[in-house]
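In: need a 3D model of the sequence below.
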Amino acid sequence: MKPSLRKITAVLPVAAIEPSLPFWEAVGLTRTVEVPHGDALGFVILAGRDLEVMLQTHASIADDMPALADAARRGPTFLFIEVDDIGAIEQALAGRELAFPRRTTFYGATEVGYREPGGHYVTFAQFPPGE
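Out: Numbering: from 1, shown residues only. Sure, this is the predicted structure:
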């Protein structure tokens, strides 16, 4: 019997969670789980619609899974997120660090890329209707 995959969620290792929260909340995700680690957040789940992203601090990973601590610090992660309205994304993230400006790709998507405060790269893509 083949395995049946049900869901995939990115876990983004970050030095600190708090600087990344406004980025993710600006595009419509909300905190569903918060786990403290010392005097700060150590782990957060952000969710919205059918999306979920987890943020975990390097220190929390080091305490929870020491064998993965060095790998978690290497990053960055690259995410590709399909959206309904690329203009709404650009408006919500106005003034944030661009990785690349709006462009049309060879596969027909309109994309824009950002570097979120945790150091990861996020591409938002809108496809023409019917694709």
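In: so which strand or helix has the closest residue in space to residue 45 that isn't next to it in sequence?
Out: In space, and not counting its chain neighbours, residue 45 is closest to residue 33: 4.0 Å by C-beta to C-beta, 6 or more residues apart in numbering. Just so you know, the C-beta spots here come from the backbone N, C-alpha and C atoms, and that holds for glycine as well. Here residue 33 is covered by strand 30-37, with elements defined by DSSP states H and E.
In: immediately after that strand, which helix or strand?
Out: Taking DSSP H and E, what comes next after strand 30-37 is strand 40-48.
In: now the angle from that following strand to strand 30-37?
Out: For strand 40-48 against strand 30-37, the angle by axes from the mean of the first three to the mean of the last three C-alpha atoms, to 10 degrees is 160 degrees.
In: is residue 73 in a helix, a strand, or coil?
Out: Recorded secondary structure, residue 73: helix (DSSP: H, G, I helix; E, B strand; the rest coil).
In: got a list of what it touches?
Out: 13, 58 (C-beta atoms under 8 Å, 6 or more residues apart in numbering).
In: ok so, going back, count the residues that sit near the residue nearest to residue 45.
Out: Residue 33 has 11 neighbours, counted by other C-beta atoms under 10 Å.
In: now do it against residue 41, distance only.
Out: 10 Å (C-beta to C-beta, to the nearest Å).
In: the most centrally placed residue in the chain: which element?
Out: In the chain, the C-alpha nearest the mean C-alpha coordinate belongs to residue 53, at 5.6 Å (C-alpha atoms, centre = their mean). Assigning secondary structure by DSSP H and E places residue 53 in strand 51-57.
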